[in-house]
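A.B. asks: Let's see this in three dimensions:
(one chain, ligands or ions: 2)
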Amino acid sequence: MALIHALPEDLVNKIAAGEVVERPSSVVKELVENALDARASAVSVEIEAGGKQLIRVRDDGQGMAPDDAERALERHATSKLRELADLHAIATHGFRGEALPSIASVSRLVLRTRDNHGPAGTEVEVHHGRRVHVREVGHPRGTTVEVRDLFGSIPARRKFLRAETTEAGHVAEAVTLLALAHPGTGFTLGSGGRTSLQAPAVDGLAARIYQVFGGRLLDDLLAVEGGADWAAVRGFVARPDRPASPRPNLRLFVNGRPVRDRAVAKAVAEAYRGAGAGEFRGDAFIFLELPLHLVDVNVHPAKTEVRFAEPRTVWVAVGAAVRGALAQGAQSRAPRVTPSGRPPADPARIETAVDTFLERAGRVAEGLSAAAEPRGPVVAAGPLTVLGQYRLTYVVATDGEDLLVVDQHTAHERVRFEALQARAEERAAESQMLLTPLVVTLAPRLRGPLEASLPDLRALGYDLEPFGGDAVRVRAVPALLRAGDPAAELQAVLEEVTDREGAEWAVAGRRDRLAATLACHSAVRAGQPLNSEAMAAIVRELGRTVHPTLCPHGRATVVRLPRQDVTRWFGRGGWRRQ
Ligand SMILES: Nc1ncnc2c1ncn2[C@@H]1O[C@H](COP(=O)(O)OP(=O)(O)OP(=O)(O)O)[C@@H](O)[C@H]1O
Ligand SMILES: [Mg+2]
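C.D. replies: Ligands and ions are numbered 1, 2, ... in the order given. Coordinates of the predicted model:
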């Protein structure tokens, strides 16, 4: 007797449903994706009891002819994929022809649809995999799918569903993701008779974010625009100086498809750390656009993961784009000094305060060099006392006269930069041998910059040699970078000097720019708790630098709040006031 036989179709569908349909939100995702693939201009979703009782998705897309409506519920029936070649370049959400039959195998499903040609619409009803009827029905152009009694015939699966509010939350997130990916389509979501999302078609992502999350979130975001080679990256990331949400929330879209990807999440987190912006703990919306043939979307039955043909380029593109956004954000940020927490009443006054400080620092430096001492305590008028750390980012100190707010990252960056620079000049760079030499493969576009930078990288403490093609062998790294990831750092350093070729730097020359980038990577970060010795050391060493007031990228290291200003804020101008 033959032991091997084909499984009955309904059983195959149920097995597929196990992979595609996990909970109500998976049903919503599949149905909305179908609506989007049918080029709907408006999609409405209604659920009852978190989707356990009812899910209804309605669209005004192209609809289906009667034959197609019947076929749509058969396994592997799809209008989106015809031959193998198509599988390598998928632009639609769907392509497997599995979603509808899978859902219909574990629920009571009614499909109503009409295309532009037919006089009447078609209704197909399937109960737990069994066709109940097909009949003509009145329906506007477009499609409505109703799913009732999800997992009603599979108690073991139904038992795993969570509370209605939890399931409704997952549904809302699924709809939100697709709404973000398609701002030009109108979306509504109703849950238990209440409208929880109403987002008419708008022009662009920012407007969609505003509709979905409100203006507050938008205020806390920085625009991302960049990429590398063939990978374009756009979107928004959280401003690092705004209150962080309890956990990071990266919403990633690859060619318009919401997916999860740990490597991209890591690239975002590293970009934050690399920019001295601390840990990434906010929202991010990253849209990656790649040539279709370089992304494999057929990795996961629910299509929530993709595989990149060249993950390295994607990593570099995301990192560079996010770093660029953070750098822009740092420049556009105005210092806030009012104790009330309101923005400063008069930004010009702060400018003046900074100018006065710069000028004074300059004068002290001049005085010191006149006394033939090249390095001296230029920051402080008197001995410095560290008062504490503010928001894990600034060291607050006083020189007995004025208040000094020191940015721990930029200040440390300045200190390290000058140390690297001095050692390179004296040909006394400190290197740290790696336990085993490392072969790093660089993106092809970094090969030119590497060759041009070799002598300078060596002067700064790298022991490197080209290793054929795009690879380079690293034997030792600058001692300052002891703790890091040498491959990522080298890549980042080369990227930064390349990407910021024409940008404004506070230092000139390739070696100094490389040194500046190394300094940035090795300096303490914003968001890092520091004990009082560490704070005192940063402030003291900053005082010994030649140019203490700016980091090598041109950002301020310290802002002085003159004592008179502090006095004035509290109306203590006259000497008699107590
Ligand atoms: N809302 C809709 N409007 C128009 N046609 C639809 C709609 N929903 C489904 N269809 C048609 O039914 C077919 C089957 O849908 P189904 O979701 O099962 O498969 P798919 O979208 O092709 O692939 P996948 O299983 O990856 O989602 C689709 O290819 C499409 O032709
Ligand atoms: Mg589909």
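A.B. asks: Backbone torsions only: list them for Arg563.
C.D. replies: Per-residue torsions, Arg563: phi -60, psi -40 (degrees, to the nearest 10).
A.B. asks: Would you mind confirming that it makes contact with Asp402?
C.D. replies: Yes - under the criterion of C-beta atoms under 8 Å, Arg563 makes contact with Asp402 at 5.1 Å. The way it works is simple: take the backbone N, C-alpha and C, and place the C-beta from them, glycine included.
A.B. asks: When these two are compared, which one has more neighbours?
C.D. replies: Asp402 (21 against 14; other C-beta atoms under 10 Å).
A.B. asks: which regions of the stretch 151-300 of the chain sit below the pLDDT cut-off?
C.D. replies: 246 (pLDDT under 70).
A.B. asks: next SSE after the one helix or strand in the chain whose mean pLDDT sits lowest?
C.D. replies: The helix or strand of the chain with the poorest confidence is helix 347-370; it has a mean of 35 (mean pLDDT, DSSP states H and E). Sequence order places strand 385-390 as the next helix or strand after helix 347-370, per DSSP states H and E.
A.B. asks: which other helices and strands contact that following strand?
C.D. replies: strand 394-398, helix 532-543 (3 or more C-beta pairs under 8 Å, 6 or more residues apart in numbering; DSSP states H and E).
A.B. asks: highest average neighbour count across the ones you listed?
C.D. replies: strand 394-398 (a mean of 21; mean count of other C-beta atoms under 10 Å).
A.B. asks: neighbours of Leu454, just the number please.
C.D. replies: By other C-beta under 10 Å, 15 other residues sit near Leu454.
A.B. asks: Could you pull out the buried residues of stretch 66-78?
C.D. replies: Within stretch 66-78, the residues that count as buried by 16 or more other C-beta atoms under 10 Å are 66, 69-73, 75, 78.
A.B. asks: can I see the domain layout of the protein?
C.D. replies: Per automatic domain parsing, the structural domains of the chain span 9-202, 220-332, 347-411+529-569, 415-495+507-522.
A.B. asks: which one of the ones you listed lies closest to ligand 1?
C.D. replies: Among those, the nearest to ligand 1 by C-beta to the nearest ligand atom is domain 9-202 (2.2 Å).
A.B. asks: how long is that closest one end to end?
C.D. replies: 43 Å (C-alpha to C-alpha, to the nearest Å).
A.B. asks: sorry, back to before: want to throw the buried residues of stretch 66-78 into TSV with secondary structure, distance to ligand 2 and pLDDT?
C.D. replies: Shown next, in TSV, are the buried residues of stretch 66-78 (DSSP: H, G, I helix; E, B strand; the rest coil; distance: C-beta to the ion, whole Å; pLDDT from 0 to 100):
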residue	secondary structure	distance to ligand 2	pLDDT
Pro66	helix	19	95
Ala69	helix	14	96
Glu70	helix	16	94
Arg71	helix	13	93
Ala72	coil	9	94
Leu73	coil	12	92
Arg75	coil	13	78
Thr78	coil	8	79
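A.B. asks: Show me the two of these that sit farthest apart.
C.D. replies: Farthest-apart pair in the buried residues of stretch 66-78 is Pro66 and Arg75; separation 19.2 Å (C-beta to C-beta).
A.B. asks: Now Ala172: phi and psi?
C.D. replies: According to degrees, to the nearest 10, Ala172 has phi -60, psi -40.
A.B. asks: these two touch, right, it and Gly190?
C.D. replies: No - Ala172 is beyond contact range of Gly190, at 10.9 Å (criterion: C-beta under 8 Å).
A.B. asks: can you list residues touching both of the two?
C.D. replies: Ser196 (C-beta atoms under 8 Å, 6 or more residues apart in numbering).
A.B. asks: Looking at the two, which one has more neighbours?
C.D. replies: For Ala172 and Gly190, the more surrounded residue by other C-beta under 10 Å is Ala172, and the numbers stand at 19 against 16.
A.B. asks: Quick check: which element contains Thr176?
C.D. replies: Assigned by DSSP H and E, Thr176 falls in helix 164-181.
A.B. asks: With distance to Gly214 as added columns, please give the domains of the chain in JSON lines.
C.D. replies: As requested, the domains of the chain are exported to JSON lines (distance: least, C-beta to C-beta, whole Å):
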{"stretch": "domain 9-202", "distance to Gly214": "12"}
{"stretch": "domain 220-332", "distance to Gly214": "11"}
{"stretch": "domain 347-411+529-569", "distance to Gly214": "24"}
{"stretch": "domain 415-495+507-522", "distance to Gly214": "34"}
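A.B. asks: Looking at the ones you listed, spot the one closest to Tyr210.
C.D. replies: domain 9-202 (8.2 Å).
A.B. asks: hmm, that closest one in reach of ligand 1?
C.D. replies: Yes - residues of domain 9-202 are located near ligand 1 by C-beta under 6 Å from any ligand atom, namely 30, 34-35, 37-38, 59, 61-64, 72, 77-80, 94-100, 143.
A.B. asks: filter the residues you listed to the buried ones?
C.D. replies: 30, 34-35, 37-38, 59, 61-64, 72, 78-79, 94-100, 143.
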